[in-house]
Every structure is written in structure tokens, then in C-alpha cells.
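J.: 3D model of this:
(chains A and B)
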Protein chains: 2
Amino acid sequence: MLINRECNILIVGLGLIGGSYARGLKKLGFHVSAVTRNPATIEYALKHHIIDEGTTDIDPQMIGKADIVVFSLYPHVFKEWIAANQQFIKPGALITDVTGVKSCIVYDIQASLRDDLEFIAAHPMAGKEVYGVENSDEKIFYGANFIIVPTDKNTEEAIEICREMALLLQFGRISVLSPEEHDEMIGFVSQLTHCIAVTLMNCSDNELLVNYVGDSFRDLTRIARINEDMWSELFLLNKESLLREMDKFLGEFKSLRDELAADDTEGMKEKMRVSTKRRALFDKPV
Amino acid sequence: MLINRECNILIVGLGLIGGSYARGLKKLGFHVSAVTRNPATIEYALKHHIIDEGTTDIDPQMIGKADIVVFSLYPHVFKEWIAANQQFIKPGALITDVTGVKSCIVYDIQASLRDDLEFIAAHPMAGKEVYGVENSDEKIFYGANFIIVPTDKNTEEAIEICREMALLLQFGRISVLSPEEHDEMIGFVSQLTHCIAVTLMNCSDNELLVNYVGDSFRDLTRIARINEDMWSELFLLNKESLLREMDKFLGEFKSLRDELAADDTEGMKEKMRVSTKRRALFDKPV
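T.: Prediction:
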């Protein structure tokens, strides 16, 4: 193991995901500190033993102690924070993140970083439709997918540390993708699905629907409860990939619609056979 | 209560839903018999005490004993069965069903039925992405929505018996809709969502996706495992409503796509605010 329990870990941005990292890592015995914007968040996190120490200030001493810094911020805030405060980070520290888009930030941050620091991007594929440290829970990571997103500037050691942290936090499958592969994939499996859920809820203002729906509608719209500031930013930062996925989806959906209009039973059945076969792969145990 | 435990209940079509009715009703003390196509189904159901008696034959004696007959068949098979065998049903018996589409069958069956029989349509909004009596489970009904779909040919007593059966099976909200209202609603909350799930799985043949997805993609595609014979029939029998819902969805989705393409952050955010507000209603306790 490259990580050991002596490591001092700093979480920047103590929301749902940052808080869940903090809980999981502190329970494992790491010293966990946090920098976040809202004083009530720090107060809550200290009271509930989610972190060892925390502040809303830019505290050079607290920042300077960290061996690993995990950023859990909106993408533009992450960039601004690095530009303003990277001088306080200890030489040799490893920086990682949980940001939902990669190409638009990874290269910029790696290029702007001091030579004695390394940034290795990562994306834990876990979340909830609620926000804030109060809802954080390290169990959301158990068995979830974890994606490490290195560039040619990254060392094997950094990739390995990322992998170890994911294993310690009990993630399931751990994969490595390039920033471009990551963004294409995330445009499909995460951003497109959020677009669909939001669209479904925008299709009807019938407040009685709640009396009629089954689990299928509930499942397809769970993620329609969405933080509009974060997600509109993520969509725009991955605009080209997401537009491509949306157009592909529109084309396939239109094809099913036209088969129905033309009473093309066999065409519809073939799409259903394909979807049944492909979806079955997802039910295999980890 | 209009229903009492002396009622003899016959289930025609012992699959996932028919089997779940049988389990729930037998546990409540009713005498439950079943007619279904596959001998192995009867064998399984008897062995697991899901029914009291059952047959794959058209047994006039077993049919003639039933006070309530619940049909859980494909729509066209339901119609054929009534045409061929209604003469065996006891005068005064109540017929109900669980069929997923209504306008296209309710009027036809009511018109073709003997004068001493009454058919009251119903739709339990519960299911699973697996099939067959082996997967039946009365717990899928607990707290689920139940819709009674009467016409002006139905008596208040029949509606009340339907409501009582739903209460006994521990459904949650019980609503009454006309066949036309039902089909419009079901086109949206059930059929459209299945179209979306099937389309999503048809968008990508990347077998590695399972390593990358989070719960959002899993949730949106759970129902992509679909019985193509049943669902293509349901889609075609509700074609006009479903096409209308698909086109409405296409228009809304296209609008979100165009807002993204035009960097219209405020437009996207407004859709997200609407979806968040509307979806919140669904999380209220029953």
C-alpha cells in the first residue's frame, strides 16, 4: 500500500460527496480536515465526528499539512481555488477530485499546477438526489463504480494511490479512462439520463399523477430532483459530448416512434429484444 | 364489506400478476382456483400453496364455482377467452382484470358479455421486470397505486367490490378513471417510460458500460428488460395515446437540447427547477 494511516487528508468542499469521503476516510483512521464555504457545515461535521478539523478560511497551516487533497467543488470554483491557493499546498502532495466532467478541467489544472504537485482526476459514480454534508454517507460508495482519469502527465504511483483510496472506500469496479473517454461515457450514462428525467417531469403538470404512477415512472424520474446550478454547469462543460448523445437518443427514440406509427411490430420487438439482452448484463453480481 | 371470505375466486392466467393476486387472496382465506396454459405453472402453484386448485383445461365445473373471476391475460387472449367460455361462468359472478390498456377492450367485452354477468376493469400499478408465477409476490402490491376503470354500464356495487379487493391486497391509493383517462395516463407514466428505457439500451452496444454506470443509469433502464410480445401488443392497442405522449416528450427533449446548444443556461435551469418541484410531490409518504 502506498497510502498509510499517517496520511493527512484535506477535503475541499464538504457537500454530499466530500462529506461521504470524509466519513469513510475518518472511520478508516485517517486524519481528515476540511475547507468549505459555510460555517454551519463545519459545525455540523465537527459535531458529528465527520472530520477532525475544519475551517471556512483559507488556512495556510491546515492546507500545508495535507498529503492528499480531495476537491469536491463546482468545476469553475475548483479552478479558481487552485489558481488562488495552490501556493499553500505541501510540496509532493497529491491532488485528486470527484468532478463530473474532465476534459475541460484536467488539462488546465495540470498545466497551471506547480511542478512539485500532481493532480490525478477521479470520478466516483455514486450520488443521491439530495445534497449537503447532512446527507453524506460513506455507504453510497459500497460496490459503486470508480473511474480514474489520468493523462500522460500522471505517474503510476498517483494512479495506484487513487486505486487504493477507492478500494479502502469499498468501491466496486475500478476503471481507468482518458478524459475524452470519460466525458463521452458520462454524457451518455449520467448527463443524458438526467436530461430525460427532467424532460419527463416537464411533460405534464398533472398533480394527480402521484396517484397513478408505478415504480417505472418513479425510477425514471428519481434524478429529476436536480441542483440546477451544478447540472447546468456540468452540461455546458461537456456540451459537445452531451449534444452528440442527445441526438443519438433522439434518433433512436424517433425510430421506435415511427415503428409504432407504422404498426411495425417486428421492428419494435427487435429493439425490445436488444434492450432486454443488453440490460441483463447489468444485473450480474459485482 | 361486500366481499366475504366465502367468495370463490378464479384467476385466469397465472403469471406474475395473476400469481401475486392468488398468493395475496389465498393468504386472506379465500378459496383460490386458477386456469392457465402451462401445466408446470399449475404444478408449481399447487406445490407452493399459491392456489387451492388449478387446471390447464377449460373445466366448466371449476369455472362455474367462481364468484369473482380475475383475468390476467394478454388483451387479445382475454377477448378470445370470454368469447369462447363465458357460458361456463356462474350467473351473477363479477369479472375483473389487470390489463394494461382499457379503451380497446372494456367496451368490447362489456358489449359481448351475457346480461347476468358484470365486467369491471381495473389496473394494479405494480410489476417487476421478471415474469411468471415463480416470481409472483403479493408484496409488490403493498402501497402501490390501484386504478378502477368503470364505464356507465358498471354498478356502484362492482366498483365497491373492486375497491375492497384492492384494500385487502394492501394497495395504497385507489383511484377511479374512465377508460380514456386511464389510457392517456398510462401512455405517459408507463408506456412512454418503457419506450425511453428500451431506447437508452439501444443507443450503445458498449459492453463495458456496466463498469462505469451509476444508479441513475441503472434506474432508468431497469424496465428495459421487457417482454416483447406483451409490450408490443400493449403499445399498438394504445397507439394514439402513446404516439401523442411520445411526440410531447420529443418536443420537450428537443427544447432542452436546443437550450444546451444555444448556451441558454437560464432556460435549462428553469426546466430543472420545474422538474425538481414536481418530482418532490412523489416523495411524500402515502
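
J.: what stretches of chain A score poorly on pLDDT?
T.: A:1, A:284-286 (pLDDT under 70).

J.: can you pull out the helices in it?
T.: A:16-27, A:39-47, A:60-65, A:75-85, A:103-112, A:156-168, A:179-186, A:193-202, A:215-221, A:228-237, A:239-261, A:265-280 (DSSP state H).

J.: How about the residues of the stretch 1-150 of chain A by chain B?
T.: A:125-127, A:144-145, A:147 (C-beta under 8 Å from any C-beta of the partner chain). For every residue, glycine as well, the C-beta is placed using N, CA and C.

J.: go with 6 Å
T.: By C-beta under 6 Å from any C-beta of the partner chain, the residues of the stretch 1-150 of chain A that approach chain B are A:125, A:145.

J.: number of nearby residues for the closest residue to A:Asn206 other than its chain neighbours?
T.: Closest residue to A:Asn206 apart from its sequence neighbours, by C-beta to C-beta, 6 or more residues apart in numbering or on different chains: B:Met185 at 7.9 Å. Neighbours of B:Met185 under the rule other C-beta atoms under 10 Å in any protein chain shown: 24.

J.: in terms of contact, does B:Met185 touch A:Tyr212 like I think?
T.: Yes: between B:Met185 and A:Tyr212 there is a contact under C-beta atoms under 6 Å: 5.2 Å.

J.: sorry, back to before: for A:Gly214, see how far away the residue nearest to A:Asn206 is.
T.: Counting by C-beta to C-beta, to the nearest Å, the gap between B:Met185 and A:Gly214 amounts to 11 Å.

J.: do A:His48 as well
T.: Distance from A:His48 to A:Gly214, by C-beta to C-beta: 37 Å.

J.: Which of the two has more residues huddled nearby?
T.: Here A:His48 and A:Gly214 are compared on neighbour count by other C-beta under 10 Å; more neighbours surround A:Gly214, at 20 against 13.

J.: can you give me phi and psi for the more buried one?
T.: phi -110, psi -170 (degrees, to the nearest 10).

J.: Mind checking the helices of chain A for the one nearest to B:Val77?
T.: Among the helices of chain A, helix A:265-280 comes nearest to B:Val77, with 16.1 Å by C-beta to C-beta.

J.: so what secondary structure elements neighbour that closest one?
T.: Helix A:265-280 sits against helix A:239-261, helix B:193-202, helix B:228-237, with contacts defined as 3 or more C-beta pairs under 6 Å, 6 or more residues apart in numbering or on different chains; DSSP states H and E.

J.: how does it look with 10 Å?
T.: Applying 3 or more C-beta pairs under 10 Å, 6 or more residues apart in numbering or on different chains; DSSP states H and E, we find helix A:265-280 packed against helix A:239-261, helix B:193-202, helix B:215-221, helix B:228-237.

J.: Now the common contact residues for B:Met185 and A:Gly214.
T.: B:123, B:125 (C-beta atoms under 10 Å, 6 or more residues apart in numbering or on different chains).

J.: ok, now how distant is A:Ala93 from B:Asn238?
T.: 60 Å.

J.: of the two, who's got more company?
T.: B:Asn238 (25 against 20).

J.: Does that one touch B:Asp183 like I think?
T.: Yes: at 5.3 Å, B:Asn238 counts as touching B:Asp183 under the criterion of C-beta atoms under 10 Å.
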